[in-house]
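[1] Curious how this folds, go ahead:
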Amino acid sequence: MDGISYLDTNLVLWLFAGMVEKISANARRRLESGTLLISPAVALELEYLYERRRIVERSAFVVSELAKQINLQICGIQFASVMDAAIQMSWTRDPFDRLITANAEANGRAALITSDRNIRRHYPNAIW
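    Below is the predicted model of the structure:
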């Protein structure tokens, strides 16, 4: 099961809060192997949630803590590649979901760990 796995925003928040019970057993197994990445869009969405007072910590803090705890990294793939993939994803109007999924797609159709039913319905390499 080694390889690259992207994490969506909810998963990042649950991991940061220590709410592993919200994460499926299959997703937890995937978290234990391979490289864990997030799209820069996850970091942006976290900051957006902070600004709207939906979460209490800034994005940079959340990401740096998870980098220490689980070696989470922000993906550095070229943004143009992500945009090429995102343009093809007409199944969602949520810009964050679109960019997060496109980031995984642009990186060799990597796995994306997500509880989001719409993403799971449309992205064949979604894991939950």
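[2] okay, CA-based contacts and neighbour counts for the rest of this
    Noted.
[3] where does the chain have low pLDDT?
    Within the chain, the stretches falling below the threshold (pLDDT under 70) are 1-2.
[4] Helices along that one, start to end?
    Here the chain has its helices, by DSSP state H, at 9-17, 25-31, 40-51, 59-70, 79-87, 95-106, 117-122.
[5] So for Gly3, which of those helices sits nearest?
    When those are compared for distance to Gly3 using C-alpha to C-alpha, the nearest one is helix 25-31, at 9.3 Å.
[6] what about that closest one, distance to the chain center?
    Distance of helix 25-31 from its chain centroid, counting by C-alpha atoms, centre = their mean, to the nearest Å, is 14 Å.
[7] Could you pull out the buried residues of it?
    Along helix 25-31, these residues count as buried under the neighbour rule (16 or more other C-alpha atoms under 10 Å): 27, 30-31.
[8] Residues contacting that helix, please?
    Contact with helix 25-31 is made by 1, 5, 20, 113, 127-128, as judged by C-alpha atoms under 8 Å, 6 or more residues apart in numbering.
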